[in-house]
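Novice: Give me a model of this one.
(2 chains)
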Amino acid sequence: MSDVRYNFKEVEPRWQKAWADNKSFVSSGDGSKPKYFVLEMFPYPSGRLHMGHVRNYTLGDVVARFRKAQGFDVLHPMGWDSFGLPAENAALERGIHPGTWTRQNIADMREQFEPLGLSLDWSREISTCEPAYYRHEQKIFLDFVKAGLAYRKESWVNWDPVENTVLANEQVVDGKGWRSGVAVERRKLNQWFLKITDYAEDLLAATETLDRWPDKVRLMQHNWIGRSEGARLEWSVLKPEGTELPDKLEVFTTRPDTLFGASFCAISPNHPLAAELAENNPALADFVADCNRLGTSEGAIEKAEKKGFDTGLTAQHPFDPDWEVPVYVANFVLMDYGTGAIFGCPAHDQRDMDFARKYNLPVICVVAPKDADPTAFATELEAGTNAFTGDGVAVKSEFINGMTGEDAKRVAIEKIEAEKNGEGVVQYRLRDWGVSRQRYWGCPVPIIHCDSCGAVPVPDTDLPVILPDDVTFDLPGNPLVRHPTWKRVSCPSCGKAAERETDTFDTFFESSWYFARFCDPKNETLGFDKAAANQWLPVDQYIGGVEHAVLHLLYARFFTRALQTCGYLDVAEPFDGLFTQGMVGHETYKNPDGSWLSPDQVTQSESGDAIHIDDGTPVLIGRSEKMSKSKKNTVDPAYIIGTYGADAARLFMLSDSPPERDMEWTDSGIEGAWRYLNRLWRMVAETPIDAGSLPALDTMDTAAVEIIKATHKAIAHVTEALETFRYNAAVAHIREFTNAIGELNVELTGALPARRFAVETLAILANPLIPHITEEIWATLGCNGLLADQAWPKHDPALLVEDIVTLGVQVNGKMRGTIEVATEADKSTCASAALALPTVQAQVDGKQVRKVIVIPGKIVNVVVG
RNA sequence: GCGGGUGUGGCGGAACUGGUAGACGCGCUGGAUUCAAAAUCCAGUUCCCUUACGGGAGUGUGGGUUCGAUUCCCUCCACCCGCACCA
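Specialist: Okay, the predicted model is just below:
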């Protein structure tokens, strides 16, 4: 019994230094090897590394080290997503300048990264809050403006009253701000938008080609873009004499086949027509204000009653001038979808039905199920409160009578187009991306507002527009607005006094192109060189949390296309492969009074119950939840790495659960990983290493030969598991292989060289998972060079074939025993061996053997009856 | 409401194209070593009956296809996630 203990505290920093000195992870980019770009979503510099980071970057590191060993020129960079609101909050709370706070955090986090031993190329480090980065972003934006991909318009926006800024649709969750968690309000503001909708069709179509993305994310993007086919059509508005209202009301519908079931039109409270009418109608103005107050908050929408306001106007049916319907302002009609106006067909839309019942509007059935009696069906439908939204046959609909679903829609659209009442259109749920934020700590929008010239781009020669440092946070709102001089400039176009735009970009702007910047991070004149981007992009493997499925990941796909349009690069899709990892969770603990306790405040009593470590009071154990400060169930990575080392932390994280699933952090888990490392280390330290070269297999003891075979099996299994992101299975194979090596009796002929070969191979196979200890083993074995530079081994398929196989034997599909036969044994040999088993005989006894199914190498099934 | 996913021992999870369910680990039980503890090592560990041999049940539920189903098809249940008045 040796008490050799693996000294990670000495070993891990030593190899980290060796890799750095050797520039092991600096990509060459010289084209001598195929490229492989591995990227993890870059962190926001909060100042503290958390376990979620450790999991994310460990997963990426396994990919990077594995691909490097496989002979790729790996690009694996790191940087900082360093604009954002927390920096401003820190300024407010502690009086620290956001820049100082952010840069200090970056320095701290860089230090916390070091002991993880990640294979990062730090020479490419970027930080998005530095002018060196965002100056190029300003140029990109101006190019977008030039190309018509960025525009400014006044529009209704989501306003977060806590963050005092606008949010994009993607940043509103359940009617609440994604960070603040408070209900958003609606406001009308002048905003910059990026024309993501120009690419809606392409983004949607291309989701089908992203076959190395999780289906879930593709589906979420598909639904978010939300394509639907339908028609725009015009209704003539019959207005009181002498009024100056528009003549036409344009509506959007996906059901032109139900046009003959129309019983009203409804417009959004934010529709221009509603605003015009409200001018002379205080009751309507109140109604509109009411609707806006309710906003989009919560599930309130779910329960919110359908409410309408009768404008008194009527509209003329496009196919029948004598048919008039009332025009309502309705709270359920959205201004920013379609035309902000609809026609209501109560019989075939549940909302319209609810509305019709409330305001006593007609319900006209114009679609009946194929096999139903149309008259009886219509009678029941028109008397009830449930709309029929299914497929069926058109009735009471003149020229489309008798047609079904798609045919009826097509014919209706043809008629609409023929009569010049409108046209078939494709409508998307996706809206343009509003990028203006009324915040300080972001990239300034490089625009100057001039009374005579309007919004004027800052000339290239004046870029970058640098964020001023001398700002104050003593008042709410954007400090840039009240800065005494910064915004006062002369118009680049006419020279008159003008004002800088004080809005900054949404921070998703920075993360929409950083992967391209990593290809050429030091370029001062350009965001990136086109050739460099074309060389490295797309990212071969991107890794991050699923929470960005429709935010960052959609923006980045759009941005890359927009950059392509502007001639920056020649790729459309930024991320060829995407992997979304699960969260890191931990059990939660509560006092009987409901207050949260941290794991280190909880211990076990003698009877095994959870108790408070100080006073022994009982503790309630809750289920595992994502680590969070508020629930106090966090574990500090620095503490874990200081106690067990980086390899142990990595090993546990990789082995516990499949990487895409949530994992639970446990003390026993990390200890188990630590025990394994020590076992592995003892195995190497306790056995002679100078074992000579591998002799011919037929001169070795069979047990030694088995180890050679097990080695090739391990190569095959581990390689496959690493290729397919089944890292927990990879760890299991490594451990199984380790067990096999440990069981080999070294006294046997050929055992020592076999063992050496096995351990050497084990070191290579385990290296991507636990890089430090395997590097130490490599050196201890006296092998040349760094393990990090070694090539990945290949297995010999011939050695995977066994001479003898064990087959399961079933009787009527139930397992009754096993037989050992030669691998090449024919079916009849297997059958008679199976029938000879006493346990089989006992089952067969007294019955007739009907047939014996033999699947070579797998199973024998005796069918009796 | 719509869309998607998941369900296997006490726990995390394995199981290639349908072919010996529970690999690997955690935990637990017993033993060795130790003055003792830690560490380590050995044995066992799906459940039920049986000293054993052996038998029965078993992958959320109920059915189906098949010689054979964790795997394929249908029903239902539970949990999780996304979207949510998108006309």
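
Novice: From here on, just use CA atoms for contacts and neighbour counts.
Specialist: Fine.

Novice: Residue A:796: what's it in contact with?
Specialist: residue A:712 (C-alpha atoms under 8 Å, 6 or more residues apart in numbering).

Novice: Phi, psi for it please.
Specialist: For residue A:796, the backbone dihedrals are phi -100, psi 110 (criterion: degrees, to the nearest 10).

Novice: Next, give phi and psi for residue A:768.
Specialist: phi -60, psi -30.

Novice: Find the nearest non-adjacent residue to it, please.
Specialist: residue A:62 (4.8 Å; C-alpha to C-alpha, 6 or more residues apart in numbering).

Novice: same check, this time on residue A:626
Specialist: Residue A:626's closest residue in space is residue A:585 (C-alpha to C-alpha, 6+ apart), at 4.1 Å.

Novice: can you check residue A:742 too?
Specialist: Residue A:742 sits nearest to residue A:683 (C-alpha to C-alpha, 6+ apart), 7.0 Å away.

Novice: Please identify the buried residues of the helix or strand where the one you found lies?
Specialist: Per DSSP states H and E, residue A:683 falls inside helix A:667-685. Using 16 or more other C-alpha atoms under 10 Å as the test for burial, helix A:667-685 gives A:669-670, A:673-682, A:684-685.

Novice: and the two most separated of those?
Specialist: Greatest spacing in the buried residues of helix A:667-685, by C-alpha to C-alpha: A:669 and A:685 (24.6 Å).

Novice: then the top helix by length along chain A to CSV, C-alphas only?
Specialist: Taking DSSP state H as the criterion, chain A has its longest helix at helix A:702-723. Presented in CSV, the C-alpha positions along helix A:702-723 are these (Å, rounded to 0.1, in the frame of the first residue of the first chain):
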residue,chain,number,x,y,z
THR,A,702,-3.2,-14.6,-23.2
ALA,A,703,-4.0,-12.2,-20.4
ALA,A,704,-1.4,-9.8,-21.8
VAL,A,705,-2.8,-10.2,-25.3
GLU,A,706,-6.2,-9.4,-23.9
ILE,A,707,-4.8,-6.1,-22.6
ILE,A,708,-3.5,-5.3,-26.1
LYS,A,709,-7.0,-6.0,-27.4
ALA,A,710,-8.6,-4.0,-24.7
THR,A,711,-6.4,-1.1,-25.7
HIS,A,712,-7.6,-1.2,-29.2
LYS,A,713,-11.1,-1.5,-28.1
ALA,A,714,-10.6,1.5,-25.8
ILE,A,715,-9.3,3.5,-28.8
ALA,A,716,-12.3,2.7,-30.8
HIS,A,717,-14.8,3.4,-28.1
VAL,A,718,-13.3,6.6,-26.7
THR,A,719,-12.8,8.0,-30.2
GLU,A,720,-16.4,7.4,-31.1
ALA,A,721,-17.7,8.8,-27.9
LEU,A,722,-15.6,12.0,-28.3
GLU,A,723,-16.7,12.4,-31.9
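
Novice: I'd like the mean pLDDT over that helix, please.
Specialist: Mean pLDDT, helix A:702-723: 94.
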